[in-house]
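Student: Structural data only, the sequence is not supplied:
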């Protein structure tokens, strides 16, 4: 019997379901934890693998502390406060990866948008509050720009008023570290679900459900049958408020300073590099469908993508077309050239 594992993304309300399939049943052992601003579930398929899975939570807690933008002692919080810091090798490696992704996407993904996020307060702002003024947005934009981040060895310097926020890439990066830890400790099959960032481990196929971006938490748009990869979804339904008929969500367009206004509702990226799969949905959402396809072609990106448009089309890369099963047939499924 085919099983599905519910992978709701806590406050993100992202992934639909995920489960193992194959010949014979294997008892799944689930362990849960809260870190990195989301509920996390690690599933393994042998009782003796529980200790390795639990150790991954310690790893996540360490990264959570290092990358927090609110902790008084976290490396990124100290950097944002002082404008300059000597970071650990681990944190610098992630910063370098984030800047690489920013450059790859021509700035559509930008880890320096914390001033805009703090100004808009998506998820906290009431629809009754006035929107930020153009002057406030322009001032916040002036304190952003990944090209202003200066690295020298393990030292990093920000321009005045800047703030680094690695939240849009960190979970994918850390999920890969945890997957490697599990492999190094003899775990041959498992699932790391970090709230919309899912890392599949091992050679078994899994059925991953992607949520309908205009449905309730439990309503699926489609399922994907895949294995041993990262799957990350982002959309305009995760954190948002509506005012005067306009949806203001948490994915910002760096060039405008406003939540991105494109022809997309959600983007799912599937690939082997967890950090890249985490960063790209944000970038693609900002760029829009046509720009994203062009970027993929020009950069030769080795990922598969599911684009969900505002006119209820689901466009997928050819590599995963045969692995997708539609659940909500009010959407039309199309294959990208």
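Tutor: Thanks, I have it. Since this is a predicted model, take the numbers as computed values, not measurements.
Student: okay, and for this protein, where does confidence drop off?
Tutor: Residue ranges of the chain with pLDDT under 70: 1-26.
Student: Name the residues of the longest helix along it that come out as buried.
Tutor: Using DSSP state H, we find that the single longest helix of the chain is helix 50-67. By 16 or more other C-beta atoms under 10 Å, the buried positions in helix 50-67 come out as 52-53, 56-57, 60, 63-64, 66-67. Quick note: C-beta positions are derived from backbone N, CA and C, even for glycine.
Student: Same list (the residues you listed) but as TSV, adding distance to residue 238.
Tutor: Converted to TSV, the buried residues of helix 50-67 look like this (distance: C-beta to C-beta, whole Å):
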residue	distance to residue 238
52	30
53	26
56	24
57	23
60	20
63	21
64	19
66	24
67	19
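Student: Tell me the one among the residues you listed nearest to residue 258.
Tutor: Distance to residue 258, by C-beta to C-beta, is smallest for residue 67 among the buried residues of helix 50-67, at 25.7 Å.
Student: Provide a list of residues in contact with the closest one.
Tutor: 36, 74-76, 91, 94, 166-167, 170 (C-beta atoms under 8 Å, 6 or more residues apart in numbering).
Student: doesn't residue 265 make contact with residue 310?
Tutor: Yes: here residue 310 reaches residue 265: they are 5.6 Å apart, a contact under C-beta atoms under 8 Å.
Student: can you give me the end-to-end distance of stretch 264-281?
Tutor: 11 Å (C-alpha to C-alpha, to the nearest Å).
Student: An error on my part: the question was meant for stretch 282-294.
Tutor: With C-alpha to C-alpha, one end of stretch 282-294 sits 16 Å from the other.
Student: chain center to that stretch, what's the gap?
Tutor: 15 Å (C-alpha atoms, centre = their mean, to the nearest Å).
Student: And for stretch 328-337?
Tutor: 23 Å.
Student: Then stretch 84-100?
Tutor: On C-alpha atoms, centre = their mean, the centre of stretch 84-100 falls 18 Å from the chain's centre.
Student: buried sites along it?
Tutor: So, applying 16+ other C-beta under 10 Å, buried residues of stretch 84-100: 85, 87, 91-92, 94-95, 97-99.
Student: Next: stretch 253-267.
Tutor: 253-254, 257-260, 262, 264-267.
Student: pretty sure residue 144 contacts residue 116?
Tutor: Yes: Residue 144 is within contact range of residue 116, at 6.4 Å (criterion: C-beta under 8 Å).
Student: of these two, who's got more company?
Tutor: residue 116 (26 against 23; other C-beta atoms under 10 Å).
Student: Report the separation between the more buried one and residue 165.
Tutor: Separation of residue 116 from residue 165 (C-beta to C-beta, to the nearest Å): 10 Å.
Student: and if you look at residue 335?
Tutor: From residue 335 to residue 165 the distance is 35 Å (C-beta to C-beta).
Student: what do you get for residue 140?
Tutor: 13 Å.
Student: What number of residues are in the vicinity of residue 32?
Tutor: Residue 32: 11 neighbours (other C-beta under 10 Å).
Student: For the stretch 201-337 of the chain, which segments are assigned as helices?
Tutor: For the stretch 201-337 of the chain, helices defined by DSSP state H, counting those that start in this stretch occupy the ranges 274-287, 289-299.
Student: name the helices or strands packed onto the first one?
Tutor: It stands for helix 274-287. Judged by 3 or more C-beta pairs under 8 Å, 6 or more residues apart in numbering; DSSP states H and E, helix 274-287 is in contact with helix 89-104, helix 170-184, strand 197-201, strand 230-235, strand 264-271, helix 289-299, strand 304-309.
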